[in-house]
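**Q** sequence? don't have it. structure:
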């Protein structure tokens, strides 16, 4: 099974982490710039087939996606499940996880993956139902993070959170606007799973009840909440800040 990825960041990430997945590359004819040329040279050295297409032909291949002059056809990546997650956790002294409950917009998923990678998160966990798929849009927004960040789809999120708590001693922190304490008033220095809910609805009831603690982001202006990807960045990097002081 194959799929297409778009843009310099996404293609570079696959080339750096899993070049064996690359099948062929399509490039805008006549485009020459300092970001693209080294990438094309490396692809050529690996023997990857490169087609040079007109703007019209490449746009047609992209089917409306923004391609930055390069599209790659790649083998579909590995799908991660609960067993993969637990194998990963067995290798970690202090796991750092991000859980997205009900995030259905692929743009938000991609942005959260990018932020998670920047913050040093070990894996991103999502439920199999009511969750955005890792589409070409999500990969493009992730700027390469989708190729290196494990995205784990679990059948029962509440059950997975319970396993994280009981078997791996991970503190599960959920975000909610009405939480009594803000994230800046909360100690977040151990093994942590940060749970972010969907915009509007927030976390589902069972997910909320599975959290050890709820925290909020204090809002100073007239808006009542942040976009989920922005809120994720605020929370993840507050955890990074606190853990850097330990």
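**A** On my side now, so go ahead. Bear in mind the structure is a predicted one, so any value in this text is a computation, not a measurement.

**Q** C-alpha only now, for contacts and for neighbours.
**A** Will do.

**Q** so how far is residue 146 from the closest residue to residue 145 other than its chain neighbours?
**A** In space, and not counting its chain neighbours, residue 145 is closest to residue 114: 5.1 Å by CA to CA, 6 or more residues apart in numbering. Residue 114 sits 7 Å away from residue 146, going by CA to CA, to the nearest Å.

**Q** pLDDT score for the residue nearest to the spatial centre of the chain?
**A** Central residue of the chain (CA atoms, centre = their mean): residue 113, 1.8 Å from the mean position. With respect to pLDDT, residue 113 has a value of 97.

**Q** quick one, what contacts it?
**A** Residues in contact with residue 113, defined by CA atoms under 8 Å, 6 or more residues apart in numbering, are 124, 142, 145, 146, 149.

**Q** Let's see which of those residues end up in helices.
**A** Among the contacts of residue 113, the residues falling in helices (DSSP state H) are residue 142.

**Q** Show me the contacts of residue 113 that map onto strands.
**A** Among the contacts of residue 113, the members falling in strands (DSSP state E) are residue 124.

**Q** just to revisit the earlier point, any idea whether the residue nearest to the centre of the chain is helix, strand or coil?
**A** helix (DSSP: H, G, I helix; E, B strand; the rest coil).

**Q** What is the neighbour count of the residue nearest to residue 145?
**A** 23 (other CA atoms under 10 Å).

**Q** distance of it from residue 46?
**A** Distance from residue 114 to residue 46, counting by CA to CA: 27 Å.

**Q** Likewise for residue 105?
**A** Taking CA to CA, one finds residue 105 at 35 Å from residue 46.

**Q** Distance of residue 100 relative to residue 215?
**A** Separation of residue 100 from residue 215 (CA to CA) stands at 15 Å.
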